[in-house]
Structures are given as structure tokens and as C-alpha cells.
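> sequence and predicted model, in that order:
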Amino acid sequence: MARYTGPKTKIARKFGEAIFGEDKSFEKRNYPPGQHGNTRRRGKKSEYAIQLMEKQKAKYTYGVLERQFRNMFKKATAASGITGEVLLQLCESRLDNVVYRMGISPSRSGARQLVSHRHITVNGKLVNIPSYSLKAGDVVAVREKSKSLETIDRSLSNSSHVYEWITWNDDTKEGTYVSIPARIQIPENINEQFIVELYSK
């Protein structure tokens, strides 16, 4: 199963945002990586560089590699609606992302692990594919045998985010992917138009 396993703080510093979640190392050095650190003069970025950076940021944020991301873009292009918005909605409807949004895991990489280790069910059936695409009305739950896992309990007790397109029941440890989120409801700081322009070249 392909995924990014390299240094996360370095990537976060490159984008100037803690895109992998809370990161103490990033908070200490929130300037770009490199030998000369904060003192290096950085020239004006080209249009292509800005577009590429936005695509890379989206890929790292959602934990998707190039081929998968390109396939999602093709799907978004074929769908009705604004391509950039549909692309982000496809990213948001991934099972690992919804598990993260529900607070079952504090990070997307952790959510991905929970899914692939068979701790999560969709509509009562075990699903171990992190990229599984959810539909509105799908019920995501922690598997009965996994409800006592300390990592899940800890994550849920620390979770404070509420999203309009997701409901969560703490007692039964299950939630519903109520609807596909509108662009305004997606909190990620990504300029999807740059990604569309890059792939349209």
C-alpha cells in the first residue's frame, strides 16, 4: 500500500502550514527548510511553481500519491459541477478522511492505519480500504471488538471539531456521513483553482 512515509515537519515547513496536524517542531521553526533557513532570499515564484505547490499541498494533506490524485482529478472533470470543488469533495469523501474528521483518530495517517487494520466498518461491513469512497447516508463505526482501544478513546476525548456534514454518537461509537460537504464547509486552506489550471496545461 503506497503512502508517503518521509519527514513530515520538513514538508509542513515547506508550505508554511502544519498540514499534518499539531506539530511542536513546526511551531519552533515555522520557516522554510534549507541550509540558510530564514535568512535565504527567495525570488518571486513562477505561476507554474505556485500551481505545483498547491497540488503538492493537497496531496500531502490528504495522504494521496500522484497516480491516485490524478485519477481523482479525471473523475472530478467528468462529474458535473466545478472541477476544483468536486476534487476536494472526492478527497473529503475518502474513508480515512471521514474517520479523521469524526475524531476517531487525531491524524489522517492514523485514520488510514485504523482502516487498513480492520477496525472500521461501513454500513455494518468491515472495510479495510482507506481510499474507499463514501456516499451520503453511509454509517461509519468502530468495529465492536475495537471499541475498547485506548488510542480511539483518547482521540475521541480530545476531539473538539464539529462538521455540519457529519454526525457522531459517542455512546455507540458510530457516525453518519450525512452529505457531501460544500466548498465553504471544507476547512483546508487549498486553492483548488491552481490545481485545475496545472492539470489543464
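Now that the structure is in, tell me what you want to look at. Quantities reported herein were computed from a predicted structural model and do not represent experimental measurements. Residues are numbered from 1 along each chain as shown.

> for this structure, which segments count as strands?
120-122, 125-126, 138-142, 166-169, 174-177 (DSSP state E).

> out of those, the one nearest S160 is which?
Proximity to S160 (Cβ to Cβ) singles out strand 166-169 among these, at 11.8 Å. Any C-beta I mention is one placed from the backbone N, CA and C, and that applies to glycine too.

> which ones are touching the closest residue to K59 other than its chain neighbours?
Nearest non-adjacent residue to K59, counting by Cβ to Cβ, 6 or more residues apart in numbering: F69, 5.2 Å away. Contacts for F69 were tallied using Cβ atoms under 8 Å, 6 or more residues apart in numbering; they are 55, 58-59.

> looking at neighbours, which among those residues is most surrounded?
Most neighbours among the contacts of F69, by other Cβ atoms under 10 Å: A58, with 23 neighbours.

> verify the stated contact: it with N189.
No. Using Cβ atoms under 8 Å, A58 makes no contact with N189, being 10.2 Å away.

> pipe the contacts of F69 into a markdown table and attach pLDDT and distance to T172 per row.
Output for those, formatted as a markdown table (pLDDT from 0 to 100; distance: Cβ to Cβ, whole Å):
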| residue | pLDDT | distance to T172 |
| --- | --- | --- |
| K55 | 94 | 39 |
| A58 | 93 | 33 |
| K59 | 92 | 34 |
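
> closest to M102 out of these?
Using Cβ to Cβ, the contacts of F69 come closest to M102 at A58, 21.0 Å.
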